[in-house]
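Colleague: Turn this into a model:
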Amino acid sequence: MARPKSSTSPGSPQLRFRVRVTRGDDIAIGPGKIALLEAIREHGSITVAAQSIGMSYRRAWLLLDEVNRLLRKPATASAQGGQHGGGSVLTPEGEELIALYRQIEDRAQQACAPEIARLLKMVAKG
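Modeller: Numbering: from 1, shown residues only. You can find the predicted model right below:
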């Protein structure tokens, strides 16, 4: 399931956490990779998932390859195309990865709620 849209008006200032886990110079986990994994969970296809988030198939494939190489166990499993077509699904590790990432975002947002409210009040309205 993709993240729910914000309930604030389009011109309202918003704060978004951008959690990234790096390994050397590589971003192992980040918001784009999590969004792609969520789209794969929803659509069962790299092609459709990439289209749904405005990403090229090649970019999606490269991101998935990087995620799967940098994790101890792969986040996705794919079947080759054929008479009935291929597909991609999340592994248990992929499901856990999304859940942990979103929990970290949510807890950080909650823990910083008073400071976030004060910060957003400082931003001029458009």
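Colleague: Show me which helix runs longest in the chain.
Modeller: When the chain is parsed with DSSP state H, its longest helix is helix 92-111.
Colleague: And the next helix or strand after that one, what's buried?
Modeller: Where DSSP states H and E defines the elements, the next helix or strand beyond helix 92-111 is helix 113-122. Of the residues in helix 113-122, residue 116 count as buried by neighbour count, 16 or more other CB atoms under 10 Å. For every residue, glycine as well, the C-beta is placed using N, CA and C.
Colleague: Same question for stretch 13-32.
Modeller: Buried, per 16+ other CB under 10 Å, within stretch 13-32: 27, 28, 29, 30, 31, 32.
Colleague: Sitting in strands, which of those do you find?
Modeller: The strands, defined by DSSP state E, take in 27, 28, 29 from those.
Colleague: Show me which of these is closest to residue 49.
Modeller: Comparing these against residue 49 with CB to CB places residue 29 closest, at 16.9 Å.
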